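Engineer: Model the structure of this input:
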Amino acid sequence: MDRLICDGVWSTGRSDELKKDLAKAVSNCPGGPGATCRVNLDTRWLTGAFDDGNGDLTFALRGFNYRQSGSVTMTKLDGGRVRVSGDTRIDFFKNYNFDYGDKFYGVDLGTFAELHRFGCARDYEVHGSKNT
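Structural biologist: Purely as a prediction, here's the structure:
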């Protein structure tokens, strides 16, 4: 999970989604500087993809689903800034299958689907979770 979470494209996208959720929560937090709100976050299941520069993860998993959830405390500061503390959990899921008609890096994935059909390969699921 550490390697998955550190992927450049995915971590940027994940961070952007989390910032959007936190900004929405801050707008619903009453009071001025010093006010504190506890928020339960849940991005729901989103789709993601790995950076093409990360060949192993990109070729092994391609697209995937993830969810970030948890409980955070936000404290409003002067100047519209906010301090956020708490814990979140990232859940990762990939239902891997070999697709006919898809190409990846110029390789026809139908070849791999044939391996599956004749029992030389198999579809599989990848699951993982990490607290951050």
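Engineer: What ranges does this structure have for its strands?
Structural biologist: Along the chain, counting by DSSP state E, strands occupy 36-42, 46-49, 63-76, 82-96, 103-104, 107-108, 124-131.
Engineer: What are the contacting residues of the longest one?
Structural biologist: What it means is strand 82-96. For strand 82-96, the external contacting residues (Cβ atoms under 8 Å, 6 or more residues apart in numbering) are 1, 4-5, 14, 18, 22, 26, 41, 45, 61, 63-77, 123-132. For glycine as for every other residue, the C-beta is placed from the backbone atoms N, C-alpha and C.
Engineer: low pLDDT regions in this structure?
Structural biologist: Where the chain drops to pLDDT under 70, the residues are 9, 51-54.
Engineer: most remote residue from it's center?
Structural biologist: Residue farthest from the centre of the chain, counting by Cα atoms, centre = their mean, is residue 118 at 33.3 Å.
Engineer: Name the nearest residue to residue 35, ignoring sequence neighbours.
Structural biologist: Nearest non-adjacent residue to residue 35, counting by Cβ to Cβ, 6 or more residues apart in numbering: residue 76, 4.7 Å away.
Engineer: distance of that neighbour from residue 119?
Structural biologist: Per Cβ to Cβ, to the nearest Å, residue 76 is found 60 Å from residue 119.
Engineer: what about these two, which has more around it?
Structural biologist: Of the pair residue 76 and residue 119, residue 76 is the one with more neighbours under other Cβ atoms under 10 Å, namely 19 against 7.
Engineer: need the contact list for that one.
Structural biologist: Residues near residue 76 by Cβ under 8 Å, 6+ apart: 26, 29, 31-36, 82.
Engineer: With neighbour count and distance to residue 105 added, can I get those residues in CSV?
Structural biologist: Output for these, formatted as CSV (neighbours: other Cβ atoms under 10 Å; distance: Cβ to Cβ, whole Å):
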residue, neighbour count, distance to residue 105
26, 16, 42
29, 15, 46
31, 9, 53
32, 8, 54
33, 11, 52
34, 9, 53
35, 13, 51
36, 11, 49
82, 15, 42
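Engineer: Can you name the two of the residues you listed that sit furthest apart?
Structural biologist: 26 and 34 (13.9 Å; Cβ to Cβ).
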